[in-house]
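Colleague: pasting the sequence and the predicted model now:
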Amino acid sequence: TCQTRRVYTPLGDEAGDGRSGLVLCGIDPGVVWCSPTHRSRAMPLFPYSYDGYLYAAGSALFGGSWQPITKSAKLASLHPAAKSLYFTAGVFCTAWLNVALDRDLYVFTAWGFASGALLVFTTALNVTVVIPAFGVAKSTSIVSGLAVVTSVGWNYVLGSSMRSQLGTWAGVAIVIVAMNGLIFGKEEVTERSVETATAGLRRVSSKHSTGVDDEAPLVVTASEATADGVSSREDMAASTPSATSAGRGGAGFSSVHLCGMTLVCGVMAGSILIPMDYADKEFHGIVFIPSMAIGAILFAVPVSLGQFWYEGKSSFAALSKEIRLDAAPHGMLSGALFGVASACNIKAIDDLDYATAMVLMQTSILVSGAWGIVLYDELKGKEIIFFFMWGGVLVAGALLTAYYGTTN
């Protein structure tokens, strides 16, 4: 039936996947999301083969725009658990925008709980363990690289077809190399580096007080080889609000445990939307987002409160001090942008496949870096040139994977 500014066009059996898209209706076009209850989809606004790439570009744009907000003055010193809670609240609110436009878009599946849990645990592990250990830039590269490999691996599990396995993996390798190139040489103050610097400084003081030969080598990194270097890093750490300085972090774990948790974080990051593939067809697409949001908020509250309790902050006074309400708008805005990125990513998965959409989304690191340059002056001079040079390599690798990783 064709209604005012809205159209539902029945499709043949070959399009019985219930995937939704932008539609046109005769002379007076109406652009809507098609309801899955009609099991229909109208003519795509763009050629079908290009729809997925446009949505993937949207996922990269919005996916790279939420991270810089976490470095704002309001969120930089916020406790990781509180930051995760506000982030999830933003995702939850965004998930209901489509339902507000059309109530038929609300369907519920328990598989959304699995995706929500993966999102919450990935975020919690990332902000409390991985980022404190490696810093924002390096952790993003590591986790994103693991997520790319995981998503391509899921293509084999799901039985998705590829034009060329060799071409796909070659593109993945280029993407991973480019992501490391983007953050190469960028040194950040992390909890583990501060811990090492502190140990080195104590070693220096001990040697001077006991009269040990000053020429003896110190057990510190190359950049911390002198007492002045160590001291300056300590001063920097003390004066610079870290994204994770308020909570426990990677500094308290051994290298083996840290590597294991980083691996788990990357695998979970590459598997967040996999439960959607195991749900019935009627739950595929953007209609899956409210179910995922419900699962995320149900897991986020106990996980965040559990972290506070683990740190001995269980009283109302202690919690109110950490969960600052003035940081809520910024925290929820970051989650809202991520929610939009997830919607675009799901649409890209619909039109392409899981691995291809996930690899293209990783180009968000380029968008995030560009925001860092514009807003926080993170790179200067030649560093900016090298950044965009590696960014071009990243895009080339992503496009190579996009072409060979799918037959759509």
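Modeller: Received the coordinates, thanks.

Colleague: which parts of the chain are strands?
Modeller: Applying DSSP state E to the chain gives strands spanning 2-3, 6-7.

Colleague: ok, of those, where does mean pLDDT dip lowest?
Modeller: The weakest mean pLDDT among the strands of the chain belongs to strand 6-7, with a mean of 40.

Colleague: confidence score at Val393?
Modeller: 91.

Colleague: chain neighbours aside, what residue packs nearest to it?
Modeller: In space, and not counting its chain neighbours, Val393 is closest to Ala178: 4.1 Å by Cβ to Cβ, 6 or more residues apart in numbering. (Glycine included, C-beta is placed from N, CA and C.)

Colleague: give me the number of residues near that neighbour?
Modeller: Neighbour count of Ala178, defined by other Cβ atoms under 10 Å: 25.

Colleague: pLDDT wise, what is it at?
Modeller: Ala178 is assigned a predicted lDDT (pLDDT) of 88.

Colleague: gap between it and Leu366?
Modeller: Between Ala178 and Leu366 the distance is 9 Å, computed by Cβ to Cβ, to the nearest Å.

Colleague: what's the answer for Ala173, then?
Modeller: For Ala173, the distance to Leu366 - Cβ to Cβ - is 17 Å.

Colleague: more neighbours: these two, which one.
Modeller: Neighbour count, other Cβ under 10 Å: between Ala173 and Leu366, Leu366 has more, with 22 against 16.

Colleague: got the contact list for the nearest residue to that one once chain neighbours are set aside?
Modeller: With sequence-adjacent residues excluded and distances taken as Cβ to Cβ, 6+ apart, Leu366 is closest to Gly391, at 4.4 Å. Neighbouring residues of Gly391 by Cβ atoms under 8 Å, 6 or more residues apart in numbering: 178, 182, 366, 369.

Colleague: can you tell me which of those is closest to Glu282?
Modeller: Nearest to Glu282 among those: Leu366, at 35.6 Å, using Cβ to Cβ.

Colleague: the closest one and Gly64 touch, don't they?
Modeller: Yes - the pair Leu366 / Gly64 is scored as a contact, 6.8 Å apart, by Cβ atoms under 8 Å.

Colleague: mutual contacts of those two, please.
Modeller: With Cβ under 8 Å, 6+ apart, Leu366 and Gly64 have no common neighbours.

Colleague: for Pro329, grab the count of nearby residues.
Modeller: 12.

Colleague: for Tyr156, that is, sorry about that
Modeller: That count, for Tyr156 with other Cβ under 10 Å as the rule, works out to 11.

Colleague: could you do Thr356 as well?
Modeller: Thr356: 30 neighbours (other Cβ under 10 Å).

Colleague: what of Gly167?
Modeller: Neighbour tally, Gly167, other Cβ under 10 Å: 15.

Colleague: skipping its backbone neighbours, what lies nearest it in space?
Modeller: Gly167 sits nearest to Tyr404 (Cβ to Cβ, 6+ apart), 3.1 Å away.

Colleague: pLDDT score for the spatially closest residue to Trp66 that is not a sequence neighbour?
Modeller: If the residues on either side of it in the chain are set aside, Trp66 comes closest to Leu337, at 3.8 Å by Cβ to Cβ, 6+ apart. Looking at Leu337, its pLDDT reads 94.

Colleague: now Leu337: how far from Lys321?
Modeller: For Leu337 relative to Lys321 (Cβ to Cβ), the value is 27 Å.

Colleague: when these two are compared, which one has more neighbours?
Modeller: Leu337 (23 against 12).

Colleague: list the contacts for that one?
Modeller: 62-63, 65-66, 69, 90.

Colleague: count the neighbours of Ser65 for me.
Modeller: 20.

Colleague: what residues are up against it?
Modeller: By Cβ under 8 Å, 6+ apart, the contact list for Ser65 reads 337, 367-368, 371.

Colleague: again with Phe113
Modeller: 291, 294-295, 298-299.

Colleague: with neighbour count and pLDDT as added columns, please give these in JSON lines.
Modeller: Formatted as JSON lines, the contacts of Phe113 follow (neighbours: other Cβ atoms under 10 Å; pLDDT from 0 to 100):
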{"residue": "Ser291", "neighbour count": "25", "pLDDT": "92"}
{"residue": "Ile294", "neighbour count": "17", "pLDDT": "93"}
{"residue": "Gly295", "neighbour count": "24", "pLDDT": "93"}
{"residue": "Leu298", "neighbour count": "16", "pLDDT": "93"}
{"residue": "Phe299", "neighbour count": "19", "pLDDT": "93"}
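
Colleague: give me the subset of those residues that lies in helices.
Modeller: The members of the contacts of Phe113 that map onto helices under DSSP state H are 291, 294-295, 298-299.

Colleague: closest to Thr262 among these?
Modeller: The closest of the ones in helices among the contacts of Phe113 to Thr262 turns out to be Phe299 (Cβ to Cβ; 20.7 Å).

Colleague: what's the closest non-adjacent residue to the closest one?
Modeller: Closest to Phe299 by Cβ to Cβ, 6+ apart is Val120, at 4.3 Å.

Colleague: surely that neighbour meets Ala300?
Modeller: Yes - if you go by Cβ under 8 Å, Val120 and Ala300 touch, sitting 4.9 Å apart.
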